[in-house]
Every structure is written in structure tokens, then in C-alpha cells.
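1. structure, please.
(chains A and B)
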Amino acid sequence: MSSKNLKLFTVPFNLQNPVTVQVLGICSALAVTVKLMPAIVMGLSVTVVTAFSSLIISSMRDYIPPRIRIIVQLVIVAALVILVDQILRAFVYDVSKALSVYVGLIITNCIIMGRLEAYAMGNKPWPSFVDGLGNGAGYAMILIIIGFTRELLGSGSLLGHPMIPKAFYSAGYVNNGMMIMPPMALIVVGLIIWVQRSKNPELIESN
Amino acid sequence: MKGLRNYLDKIKPSFKKGGKLEKFHSLFDAMETLFFVPNKVTTSGSHIRDAIDMKRTMIIVVLALVPALLFGMWNVGYHHFLMLGQYADKTFLEVFGFGFLKVLPIVIASYVTGLTIEIIFAQVKKHDVPEGFFVSGMLIPLILPVTTPIWMVVLATAFAVIIGVEAFGGAGMNIFNPALLARAFLFFAYPAQMSGDKVWISGLASGEGVIDGFSGATPLAHVAQNELSKLASFSDMFYGFIPGSIGETSTLAILIGAIFLIWTGVGSWKIMLSGVLGTLSLGLLFQWIGVIHPDIQNAYFHIPAYYHLVMGGFAFGIVFMATDPVSAAQTEKGKWIYGFLIGIFAVLIRALNPAYPEGVMLAILLLNAWASLIDHYVIEANIKKRLKRAKI
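-> Okay, the predicted model is just below:
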């Protein structure tokens, strides 16, 4: 991987993070992060769909008539999402049930369409693939952080295994019920953005 | 006082820029301005400064809270010994002392947490410690049940100060009342510790030595469960001999605080009055519906409207929370609308939403969010009115 491609891959983790900087894909970041497992699976699914749809669209880009490009992109994305959905149902049925409609809604995830329009339509297949991979992984990273925090503090477990020692509970510790509610996911995203911006002053807009 | 002034002057240089204790400048400044009116002068613009600065304003609110706090302490002890059936053998001091020792840790926890966070933020952002937490630190303990564990108080205070105040840009920029935010956080995060029948009286949850027939439910819980026969009398609820959050039970003590706030001009009487009017108007409407349809199961349709004023946290909320000058409406007409809607929503949530026995907290938070919208339309309407006049 050349240094240019490497940069394509790493930039979405921090300075161009799709969730915390571009504020895309927030809906699913709130909906599937109550537990860590669905968050990981959702992150992986979006990464796969973004990477391969970027690859396919980029290799077809010279043959897509500009007027109907959105429809063509949607067909490719939808086909990939259905594929992912079927695989999830076949191998991890419980997680697939927990994710419910949100797997299908990957089709409308703004990150995917955003990368297709902004990058894959104008670049070669391999860089587009790396770009899609990076953006999907940047999204997955934020989802995993939120899922980790919410499951640990809200349910006292990680991936379903109890993490808080029994002694804590008998000493009066109680799981935080607010972590299970969607507003807390938004607050956690807000805290991540706060930390990220204070570490990277160039992200702060001037008034 | 003179000795203190001299001492502060003596140690002041080491907190100045370049001094060896420069890191603790905010802490020193906070302490100095707490004891003495700062001698800063305005360098530009208006040169008039009132002797009453923010810190002194805040102290007035804290003073207004003292009756409710003292009564709350006594009430904690009263209900504890009443539950054990020992109240008759206890002296006033024993009852008060028990409550004092239960309430004091909560007050300390709230102040220490809040001020620590405020001082850290002031230090990092290089500004003085704001005064806002003086009042919030006292309000938070007063709106919690006495059985709240200390670590929850700490967590809720930290949440309110960091997310509710500092994230918005510090004291004076917050949209929501920080104390109510702390309570809302606990209410949603730890519902079992904040609502239910057995959380309001110290020692009741462990169930030791409770006398027969003692339920410990608040008046709101009785009404919500249609147990009107168990409801305390109006005078008991007015004087405050009922279970509830520490400072909210005695309408009389709150009334003393309210008179003090209005007399000093710190609290807005418009918000308080319109809040009472809002509550009474919807309460009367419900009462009227209850008279026409006596078969309605909901007990809220069968209690007198004025009961709403003395039950639960309404009096405390409208006097001390709704009048918070930062999060309330700013325009004079807006204050009437703001207070009135708080009363309406408080009764609406109490009577028609079975999930939330108390609606005052949510009503005030909702109206906090709307306050700037109300102000906007009041100002727009005024501009329109004046423009019309100009055309003639």
C-alpha cells in the first residue's frame, strides 16, 4: 500500500471521521449500540458494504450515465446489503435479530452514498476500495467505543459476560439505566467529539 | 474580618501570574471574592457597578433555601422515628440531629463535587470560578430523597456540571437548570432509587422494626394509586409532615423563602404567580371534569385543584427552580407564559401520565428548552406592534 493510499485509510479514523467530524450515520450509531456485539457486527457490515460498493462503482464509473448514477449506486449497495443480511441470518441469527431493520437500513446510510459520490465516482478502483474500507472502519471504531461504554455501564457486562464484580453490587453499585436509552448514546458521541476536538484544534471551526 | 483581609493580602502575590502557587489562582480568587466584594473596576463602557454582585445575589437564594433545608432535616428524622414507632419518646434535638446527620453528607458531596469540577474547568480555561454552583450545590440535595446513596449524588452532580453547564460554555450559558438536570439524570438512570414507595424515608428500605400500617408512600403515590383515603390532610401537606424529597415537603418553609426572594427582588414573582395560576386553572378543569363524570377512575380528577400546590415538588420547583435567571424566560411577558405553561404541564404529566408520578421536574426542563423560543416570539410581537404604529 502506497503512502497515499495509507493516508486514505487512516484519515477517516481521526480528521475525517464519518461520525464525529462529518456527523453521518448517527441514526444507526444510536440504535444498535446498546450492546457491544451488535455494534461490532454493524460496524463490520457497514465496512464490508462501503468497501465493496466503492470498488464496484469505481470500476464501473466510466460506463454509468451521470443522470441515473444514484439509481445504479443504490442497486449495487442494495445487492451487497441483502448479501450481508443473508450471511448474518445464516451464521449469527441472534445478532441479526437484535439489529432488526438496521441491517436493511445500511442501504440508506449516508456514509456509503457519501463515499460513492465524493470519491469512488472519480477515482481508480483500488484507492476507492481503501477509502471505503477506511471510512467503514472509522465508523465501526466509534460504534465500538459507544457500544463498549453503554454495555459496560448500562448492563455491567461485555459481549454478554458480566464484568462488574459481585462485590460492587453488594456494596451498593447499580447499573446506569440511562445508558440503555438512546439519548445517552448521543451524549457519548458528544463526549467523543469534545475529546477529539480538544486534541485536534484544527477541527474547531472559527466563529 | 480585618485579620482575614490582611492574611489574604499577604498570600495573594504567590497566586499571581508567575507566583509559585499560580496553578491554584482560581481557587484563591473564588475564596477571596466569597469573603470580600471584589475591588475590580470597569475599564470601558458603563462605570456603574452595583454593590450586589453575582456572589451576593446567589447567597440570597441560599439564605432563602435555609427554612426548607432546616425543615427538611427535621422531617427526615420525624419520618424515620415515626416509622419505627418511637417518635413520641424522642426530643426535638434527637429528631433534628438524626436528619442533620443524614442530610449533611449529601450537601457536602454535592458541593465538593461541583466546586472541584468548576475549579478544574476555571483553571484549564483560565477564567474565574463562576458563582452559579453556589445555588445549584444547595438545590441538588434538597430535591433528592434522603436515601440516595452518596456516590449517586456525586455522579449526578458531575453529570449536571460537565454536560449541563460546562459543555454549553460555563455558568450563565446553560440551557437547563443544572440542579434539575442532576435529578433528571438520577431519575432516568436509577429509577429504583428515585421513585417507588420505599425510597423516601431513611431506613425504611431495610424494613427493620417498621410498625404495622406504615406505608411510607408520598401523597403523589397515593393519588396515583387511587388511594385517596390514605392521602394526608391539606394542613399536613402544607406544613410538610409528609414523606418526600428533603427540601420539597413543607410548602410553608418554601413560602417563607419565596417571600424573601420576592422582597429582595432576586426571584421573579411573575413566574411564581403565573405558575400557580397555570396549575390551578388546569387543576380546576380536571376537578370540574371529575364532578361531571364521577365514575372516572383516575384519582386526580377527584382532588381539589389547590392540592396540586402542596403535593410533591411543585412549590419548591416553581419558587427555586423555575425562577433560575439563566434558564428562565428573560422578557417580562415571556415570564408570564413560561410560568403558566410550567403549571399546566406539571399537572398534565401528574394526572395523565401514569409512568411519572411527579411532573414538575419534567415540566420545568421542557420549558427551559422553550424559554428562548418564548422570548423570541415576545420580541417579534413587540417589533411588529411598534412597526404598525410607525406606519400611521
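
2. use CA for all of it now, contacts and neighbours both
-> Noted.

3. residue numbers of chain A in contact with chain B?
-> A:172, A:174-179 (C-alpha under 8 Å from any C-alpha of the partner chain).

4. quick one: contacts for the closest residue to chain A within the stretch 101-250 of chain B?
-> Scanning the stretch 101-250 of chain B for the residue nearest chain A gives residue B:189, at 4.1 Å (criterion: C-alpha to the nearest C-alpha). Residue B:189 makes contact with A:175-179 under the criterion C-alpha atoms under 8 Å, 6 or more residues apart in numbering or on different chains.

5. return the helix or strand in chain A with minimum mean pLDDT.
-> helix A:166-170 (a mean of 79; mean pLDDT, DSSP states H and E).

6. quick check: phi and psi at residue B:128.
-> Main-chain dihedrals, residue B:128, degrees, to the nearest 10: phi -80, psi 160.

7. might one say that it is in contact with residue B:30?
-> Yes - when contacts are counted by C-alpha atoms under 8 Å, residue B:128 is listed as touching residue B:30 (7.1 Å).

8. quick one: residue B:336 from residue B:267, how far?
-> Note on residue B:336: its distance to residue B:267, by C-alpha to C-alpha, to the nearest Å, is 14 Å.

9. those two: which has the busier surroundings?
-> Comparing residue B:336 with residue B:267 by other C-alpha atoms under 10 Å in any protein chain shown, the one with more neighbours is residue B:267, at 24 against 21.

10. make sure the more buried one is indeed in a helix.
-> No - according to DSSP: H, G, I helix; E, B strand; the rest coil, residue B:267 belongs to no helix; its state is coil.

11. which residues touch it?
-> Contacts of residue B:267 (C-alpha under 8 Å, 6+ apart): B:258, B:261, B:319-320, B:323-325.

12. what helices or strands is the longest helix seen in chain A leaning on?
-> When chain A is scanned for its longest helix (criterion: DSSP state H), the result is helix A:125-154. When contacts are defined as 3 or more C-alpha pairs under 8 Å, 6 or more residues apart in numbering or on different chains; DSSP states H and E, helix A:125-154 packs onto helix A:3-10, helix A:36-60, helix A:110-118, strand A:157-158, helix A:182-199.

13. kindly recompute the last result at 7 Å.
-> Contacts defined by 3 or more C-alpha pairs under 7 Å, 6 or more residues apart in numbering or on different chains; DSSP states H and E place helix A:125-154 against helix A:3-10, helix A:36-60, strand A:157-158.

14. could you give me the average pLDDT of the shortest one?
-> What it means is strand A:157-158. Regarding strand A:157-158, the rounded mean pLDDT is 84.

15. so what are the sheet partners of whatever helix or strand comes next after it and their directions?
-> Next helix or strand after strand A:157-158 toward the C-terminus (DSSP states H and E): strand A:161-162. Paired neighbours of strand A:161-162 in the sheet (DSSP bridges): strand A:157-158 (antiparallel).

16. what's in contact with the partner strand?
-> For strand A:157-158, contacts defined as C-alpha atoms under 7 Å, 6 or more residues apart in numbering or on different chains pick out A:36, A:151-152, A:163-164.

17. now the angle from the helix or strand encompassing residue B:182 to helix A:125-154?
-> Using DSSP H and E, residue B:182 sits in helix B:178-189. Between helix B:178-189 and helix A:125-154, the angle comes out at 90 degrees (axes from the mean of the first three to the mean of the last three C-alpha atoms, to 10 degrees).

18. next SSE downstream of helix B:178-189?
-> Taking DSSP H and E, what comes next after helix B:178-189 is helix B:191-194.

19. for the residue nearest to residue A:28 when sequence neighbours are not counted, give me phi and psi.
-> Nearest non-adjacent residue to residue A:28, counting by C-alpha to C-alpha, 6 or more residues apart in numbering or on different chains: residue A:102, 6.7 Å away. The phi/psi pair for residue A:102 (degrees, to the nearest 10) reads phi -70, psi -20.

20. also residue A:32?
-> With angles defined as degrees, to the nearest 10, residue A:32 sits at phi -110, psi 10.

21. count the neighbours of residue A:101 for me.
-> Residue A:101 has 11 nearby residues by other C-alpha under 10 Å.

22. OK, contacts around it?
-> Per C-alpha under 7 Å, 6+ apart, neighbours of residue A:101: none.

23. show me the shaky parts of the stretch 151-300 of chain B.
-> B:195-200, B:202-217 (pLDDT under 70).

24. wait, residue B:271 touches residue B:339, no?
-> Yes - between residue B:271 and residue B:339 there is a contact at 4.5 Å, judged by C-alpha atoms under 7 Å.

25. pick the most buried one from the helices and strands packed on helix A:125-154.
-> A comparison of these by mean neighbour count, using mean count of other C-alpha atoms under 10 Å in any protein chain shown, puts helix A:36-60 on top with a mean of 24.

26. residue closest to the middle of chain A?
-> residue A:139 (3.2 Å; C-alpha atoms, centre = their mean).

27. pLDDT value on it, please?
-> At residue A:139, the pLDDT recorded in the model is 90.

28. who's in contact with it?
-> A:18-19, A:43.

29. before we move on, back to that, what about the contacts of residue B:189, which are in strands?
-> Among these, no member falls in strands (criterion: DSSP state E).

30. compare those residues and tell me which is most surrounded.
-> residue A:179 (25 neighbours).

31. contacting residues for the closest residue to residue B:181 other than its chain neighbours?
-> Excluding the flanking residues, the one nearest residue B:181 by C-alpha to C-alpha, 6+ apart is residue B:160, at 5.6 Å. Applying C-alpha under 7 Å, 6+ apart, one finds that residue B:160 lies in contact with B:178-179, B:181-182.

32. and for residue B:332?
-> Residue B:332 neighbours (C-alpha under 7 Å, 6+ apart): none.

33. look at it and report its pLDDT.
-> pLDDT, read off for residue B:332, is 90.

34. for it, give its distance to residue B:341.
-> On the measure of C-alpha to C-alpha, residue B:332 and residue B:341 end up 15 Å apart.

35. how about the helices in the stretch 201-350 of chain B?
-> Secondary structure of the stretch 201-350 of chain B (DSSP state H, counting those that start in this stretch): helices located at B:219-224, B:234-239, B:251-264, B:269-292, B:307-310, B:314-316, B:332-352.

36. which of the ones you listed is buried the deepest?
-> helix B:314-316 (a mean of 27).

37. low-confidence stretches in chain A?
-> A:1, A:207.

38. repeat the analysis, applying 90 as the threshold.
-> Under the criterion of pLDDT under 90, the regions of chain A flagged as low confidence span A:1-39, A:41-42, A:61-66, A:69-70, A:85, A:88-89, A:91-125, A:152-187, A:190, A:193-207.

39. give me the neighbour count for the nearest residue to residue B:180 once chain neighbours are set aside.
-> Of all residues not flanking residue B:180 in the chain, residue B:361 sits nearest, at 6.5 Å (C-alpha to C-alpha, 6+ apart). Applying other C-alpha under 10 Å, we find 23 residues neighbouring residue B:361.

40. residue A:114 and chain B, how far apart?
-> 30 Å (C-alpha to the nearest C-alpha, to the nearest Å).

41. surely the residue nearest to residue B:181 forms part of a strand?
-> No - secondary structure of residue B:160 (three-state DSSP): helix, not part of a strand.

42. secondary structure class for the closest residue to residue A:200 other than its chain neighbours?
-> With sequence-adjacent residues excluded and distances taken as C-alpha to C-alpha, 6+ apart, residue A:200 is closest to residue A:15, at 8.0 Å. Going by three-state DSSP, the secondary structure assigned to residue A:15 is coil.
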